[in-house]
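A.B. asks: Below are the sequence and a predicted model; questions follow.
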Amino acid sequence: MTSATAAREMKLPTAPFVSSVMQIEPQWIDYNGHLNMAYYNVMMDRAIDELWLQLGIGPAYKKERHGSTFTAECHVRYLREIHLGDPVQVTVYLLAADDKRIHTFEELRHATEGWISATSENITLHIDMSARKVAPFPSDIRARIAAIADIHAAVPRPEGIDRKMAMPSPK
């Protein structure tokens, strides 16, 4: 069975997508005693990889159809410290998609207590790996992404989407 056939036959995930539980690795803790900022992105990227498998655009897709994704833009907000030993899970909302892009919003949560540690809003591009250029998704993958985006559109939008970064106005 090819990845395209498997993608069509996969059950659509619920909304929002919830990753597997992950553990903080000791080498990720910085001199402040909490998770270093770079590793929030690592954990959210691992969750995106899990969702990409559901979309049919994981490693098999790259190998068989020579397509992949690259992150074009990322806005991370750090809201609460995560420490060694804290189990985490990432909730992913597929906000929108078009022929070449996917817009997602992730919430990194403490897996047992539920509070949000960080959020990340991303624009991801579909890449033709043979040419290493942005290219449209194949129609079967685009249809699957659209179906999942429709499911996600039915759930309330989390706080923090479309935020811009700026210094407070002087008083």
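C.D. replies: Structure received.

A.B. asks: can we go C-alpha only for contacts and neighbour counts from here?
C.D. replies: Fine.

A.B. asks: The residue nearest the centre of the chain: helix or strand, and which one exactly?
C.D. replies: Central residue of the chain (C-alpha atoms, centre = their mean): Ile48, 3.4 Å from the mean position. In the assignment (DSSP states H and E), Ile48 maps to helix 37-55.

A.B. asks: what does His126 give?
C.D. replies: strand 116-128.

A.B. asks: Can you list the helices and strands that the next helix or strand after that strand packs against?
C.D. replies: Using DSSP H and E, the helix or strand that follows strand 116-128 in sequence is strand 133-134. Packing contacts for strand 133-134, counted by 3 or more C-alpha pairs under 8 Å, 6 or more residues apart in numbering; DSSP states H and E, involve strand 116-128.

A.B. asks: which neighbours does the strand it packs on have in its sheet, and in what orientation?
C.D. replies: strand 67-78 (antiparallel), strand 101-110 (antiparallel), strand 133-134 (antiparallel) (DSSP bridges).

A.B. asks: Quick check: which of those is buried the most?
C.D. replies: Greatest average neighbour count among the strands paired with strand 116-128 goes to strand 101-110 (a mean of 22), per mean count of other C-alpha atoms under 10 Å.

A.B. asks: Alpha carbons only: can I get that strand in PDB?
C.D. replies: Output of strand 101-110 as PDB, limited to C-alpha atoms (Å, rounded to 0.1, in the frame of the first residue of the first chain):
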ATOM      1  CA  ARG A 101       0.300  26.300   2.900                       C
ATOM      2  CA  ILE A 102      -0.900  25.100   6.300                       C
ATOM      3  CA  HIS A 103      -1.600  27.400   9.200                       C
ATOM      4  CA  THR A 104      -1.400  25.700  12.700                       C
ATOM      5  CA  PHE A 105      -1.600  26.800  16.300                       C
ATOM      6  CA  GLU A 106       0.000  24.600  19.000                       C
ATOM      7  CA  GLU A 107      -0.400  24.700  22.800                       C
ATOM      8  CA  LEU A 108       2.300  22.900  24.900                       C
ATOM      9  CA  ARG A 109       0.500  21.700  28.000                       C
ATOM     10  CA  HIS A 110       1.400  20.000  31.200                       C
END
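
A.B. asks: Buried ones in stretch 115-131, by neighbour count?
C.D. replies: 116-129 (16 or more other C-alpha atoms under 10 Å).
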